[in-house]
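S.K.: The sequence and its predicted three-dimensional model are supplied below.
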Amino acid sequence: MTPCEWLAARDDQWRANIEYATLDLSGPYRAVFDTMLPDAVQVADSFHVVKLANHKLDECRRRVQNDTMGHRGRKDDPLYRCRRLLTKADERLDEKGRTRLLGLLDAGDPRGEVRMAWHAKEVVRQIYTHTDAELADEFVARLGHDLQDESCPIEVRSLGRALRRWKDQIAAWHHAHVSNGPTEAANNLIKRVKRVAFGFTNFRNYRVRALLYAGRPNWDLLATLTPR
């Protein structure tokens, strides 16, 4: 069953009660919400926005690594050695970590492209450090525009285009303060149960195991979950 079919199976009043619809930066899901929940405010999940910035940073690091060294990252290469430090939140870097990161960038990033992508990632994170809903829309629009400057690496310009494309959904977080974190957590739990069991052939057993693994099963529903 597709998402549109699932939503279509709900009654009109149920769909009308949905105020916010959170999504990752997925065009197909935006189309689903546009079609089936036109009155719901779409909110880009903050985790996925920051994840995109980290992904573009890593793309830049790998490209520069190959351009300067002629091969993929190896354990002694500066950019490979700093890959984890680059994705670490700036405020979590102690003095030793920051000194090490900057030294490795000086050694492996001759044109400063990775450093610029790192700064871009940190600025994207700043979107969520304030709660001013009036400022959010202008902040995201200006950031998306600035990151498309010709002086920026191609990965940073791609990030800027994505921010402009999803500006309304990203800025909507400052009004709604919602995310799809609980849904992602439940989905991860269900997948973990499936991996541990090496798959299920019976959906009813799968459902019972997921409820037990969650630790809070409703035993009143047991009769509906197991054969009589």
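M.R.: On my side now, so go ahead.
S.K.: pLDDT value on R216, please?
M.R.: Confidence at R216, expressed as pLDDT, is 67.
S.K.: wait, I meant L79
M.R.: 97.
S.K.: and the gap between A176 and E59?
M.R.: With distances taken as Cβ to Cβ, to the nearest Å, A176 is found 30 Å from E59. Yep, even glycine has a C-beta here, placed from its N, CA and C like the rest.
S.K.: Which of the three states applies to the nearest residue to A117 once chain neighbours are set aside?
M.R.: Residue nearest to A117 in three dimensions, not counting chain neighbours: C60, with 4.0 Å by Cβ to Cβ, 6 or more residues apart in numbering. Secondary structure state of C60, per DSSP: H, G, I helix; E, B strand; the rest coil, is helix.
S.K.: Which of the helices or strands spans V43?
M.R.: Under the criterion of DSSP states H and E, V43 resides in strand 41-44.
S.K.: wait, isn't L7 in contact with W14?
M.R.: No - the pair L7 and W14 does not pass the contact test of Cβ atoms under 8 Å, sitting 9.0 Å apart.
S.K.: And those two? Which one has more around it.
M.R.: Under the criterion of other Cβ atoms under 10 Å, the comparison of L7 against W14 puts L7 first, with 17 against 10.
S.K.: Can you show me the strands along the chain?
M.R.: Counting by DSSP state E, the segments of the chain that form strands are 20-23, 41-44.
S.K.: what's the closest non-adjacent residue to the residue nearest the centre of the chain?
M.R.: The central residue of the chain, meaning the one whose C-alpha is nearest the mean C-alpha position (Cα atoms, centre = their mean), is H48 at 1.3 Å. Of all residues not flanking H48 in the chain, D24 sits nearest, at 4.0 Å (Cβ to Cβ, 6+ apart).
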